[in-house]
Each structure stands twice: as C-alpha cells, then as structure tokens.
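1. following is a predicted model, sequence given first.
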Amino acid sequence: MANPATSASGLPSPVIRPKTAEQLIATGKATRPVIGIMMDTSYQGEGVKIEDGPTRGGPADKAGPRAGDVIIKFDGRPVTGLNEFVVPIRAQSVGEEVELTVLRGNSERTVKMTLQAAN
C-alpha cells in the first residue's frame with residue numbers, strides 16, 4: 001500500500017481507493033478531501049504539527065487551528081503521526097464534517113470543519 005505521507009504530498013499513489021474509483025466511474029474525475037494545512041514533516045512529537053498557517057478560506061482557516069498547533073485527535077481517535085492523520089482524511093468525502101482536537105501550548109481545544117475538495 002502507498003505511504004500515506006507520500007500520497008498527501010501530491011505524488012501519485014499506486015492504490016486507487018474505492019471512493020476514488022466510484023468517482024472516476026461516475027464522473028470521469030475524482031476529488032480528494034482536504035482541511036487546508038501544511039504539516040511539519042520534521043516534527044518528532046506525538047500528533048501532527050501545523051507548519052504554515054491554514055490556507056485562506058479553507059476548512060482549517062474557518063475553524064481556527066493555526067501554525068504551531070499540534071493535532072492530537074481526528075474524530076476522537078488519537079493522532080500519533082502522519083499515518084493516523086492523513087489516512088482518515090482520505091477515507092472521508094468532500095463535504096463531510098470532521099472534528100480535530102488541537103493542542104496550542106498547554107491548552108487543548110476541539111474544532112469542527114467541513115472537508116473541501118483539493119484544487
């Protein structure tokens with residue numbers, strides 16, 4: 001199976017996911033869901049650190065996470081690294097609502113956002 005971090009970078013994945021295949025058959029094109037952040041791939045702690053501010057107008061921008069925050073849960077499930085974050089996003093559909101728990105300093109907060117299609 002493809003490395004989820006590689007797939008998130010936009011490089012081709014050798015695996016066609018079921019939702020992607022359904023979209024290709026139905027419409028001739030596929031969309032993939034995003035929350036609109038860049039991840040700090042050099043971060044060594046638990047969770048996923050947001051590297052750059054959220055994409056303007058994207059789901060994360062509207063919900064409030066910002067650069068330096070660490071995502072520690074996705075839909076209530078612990079996020080220990082990139083795999084536990086990227087794979088569940090890819091399993092969702094554009095338009096679905098998801099919940100992130102983020103750590104900012106010593107403060108934890110949970111935000112909801114609606115996934116958008118990648119450009």
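-> Structure received.
2. quick one: low-confidence ranges for this structure?
-> By pLDDT under 70, the low-scoring segments of the chain are 1-21, 23-24.
3. what about the helices in it?
-> With DSSP state H, the ranges of helices along the chain come out as 4-8, 18-27, 59-63, 83-90.
4. show me the strands in the chain, by range?
-> Using DSSP state E, the strands of the chain run over residues 33-34, 38-39, 48-52, 70-74, 77-78, 97-104, 107-114, 116-117.
5. got the CA coordinates for the third one in PDB?
-> Meaning strand 48-52. Extracted in PDB, the C-alpha atoms of strand 48-52 (Å, rounded to 0.1, in the frame of the first residue of the first chain):
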ATOM      1  CA  VAL A  48       0.900  16.300  13.700                       C
ATOM      2  CA  LYS A  49       2.200  19.900  13.900                       C
ATOM      3  CA  ILE A  50       0.800  22.500  11.600                       C
ATOM      4  CA  GLU A  51       3.700  24.100   9.800                       C
ATOM      5  CA  ASP A  52       2.200  27.100   7.900                       C
END
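6. now stretch 59-66: buried residues?
-> By neighbour count on 16 or more other CB atoms under 10 Å, the buried set for stretch 59-66 is 59-61, 63, 65. Where you see a C-beta, it was placed from the backbone N, CA and C, and this is true even at glycine.
7. kindly report the same for stretch 47-54.
-> The neighbour-count check on stretch 47-54 (16+ other CB under 10 Å) flags 47-50, 54 as buried.
8. wait, which of those is closest to Leu115?
-> Using CB to CB, Pro54 is the member of those that lies nearest Leu115, at 13.2 Å.
9. distance-wise, check the closest one relative to Ile25.
-> 33 Å (CB to CB, to the nearest Å).
10. contacts for stretch 105-118, please.
-> With contact meaning CB atoms under 8 Å, 6 or more residues apart in numbering, stretch 105-118 is reached by 31-36, 58-60, 62-65, 72-73, 89, 92-102.
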